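Engineer: Below are the sequence and a predicted model for it; my questions follow.
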Amino acid sequence: MLVREPRTAGRRPLITSCVLGDIDLVRALGLAGIRSAVMTRAGSPSRYSRSTACVLEHVDARSSPELRVERLLDFAGEQLEPPVLFYDGDWDALLISRLRARLTGKLHFVCADAELVESLIDKERFQALAARTGLPVPRAQPLMAANGGSAA
């Protein structure tokens, strides 16, 4: 379900950004005079912000990444020019990184190299990356579950 305001008659789109994230992102964009379409969980304050121009039906990135991308592409296709996509969570970063080919050209976004994104989000890979590059990060200790498998 998409709730939106009517388009303006001008050449610029009504909504120039799409946010996968919480109120901090929506508020920061709003302070810059940018109204956003948001896709976030029910009850999230960003759905009710005065900086929110419309709410896209929420689809969880973990349970249905393909459907989430379809909703984004449907929204982008209704705009006069590709909106800028902002995101702030690990699952959304993974989604955008893994499905960037489908999003490119339809939305404007910045996303690091796919291998780097995977290494930054996966805790074990991040520790290996930090060790290889000399990043000053706290030591990590993997936890073992009672059945002998990894707890993480």
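Structural biologist: Good, I have the coordinates.
Engineer: beta partners for the residue most central in space within the chain?
Structural biologist: What sits nearest the mean C-alpha location of the chain, by C-alpha atoms, centre = their mean, is residue 87, with 3.0 Å. When bridges are called by DSSP bridges, residue 87 pairs up with residue 20.
Engineer: got the contact list for it?
Structural biologist: 19, 20, 21, 93, 96, 109 (C-beta atoms under 8 Å, 6 or more residues apart in numbering). Any C-beta I mention is one placed from the backbone N, CA and C, and that applies to glycine too.
Engineer: For residue 135, see how far away the second one is.
Structural biologist: The reference is to residue 20. From residue 20 over to residue 135 the distance is 27 Å, taken as C-beta to C-beta, to the nearest Å.
Engineer: One more: the third one?
Structural biologist: Taking C-beta to C-beta as the measure, residue 21 falls 25 Å from residue 135.
Engineer: Which of residue 20 and residue 135 has more residues huddled nearby?
Structural biologist: Legend: neighbour count by other C-beta atoms under 10 Å for residue 20 and residue 135, higher for residue 20 (24 against 10).
Engineer: Residue 62 contacts residue 91, correct?
Structural biologist: Yes - contact between residue 62 and residue 91 holds when scored by C-beta atoms under 8 Å: they sit 5.4 Å apart.
Engineer: These two: who's more crowded?
Structural biologist: residue 91 (16 against 10).
Engineer: quick one: low-confidence ranges for this protein?
Structural biologist: For the chain, the stretches with pLDDT under 70 are 1-14, 148-152.
Engineer: which stretches of the protein form strands?
Structural biologist: Applying DSSP state E to the chain gives strands spanning 2-3, 17-20, 36-38, 52-56, 84-87.
Engineer: Against which helices or strands is the longest one packed?
Structural biologist: Which is strand 52-56. For strand 52-56, the packing partners by 3 or more C-beta pairs under 8 Å, 6 or more residues apart in numbering; DSSP states H and E come out as strand 2-3, strand 36-38, helix 65-78.
Engineer: If I take it and helix 65-78, what angle do their directions form?
Structural biologist: 130 degrees (axes from the mean of the first three to the mean of the last three C-alpha atoms, to 10 degrees).
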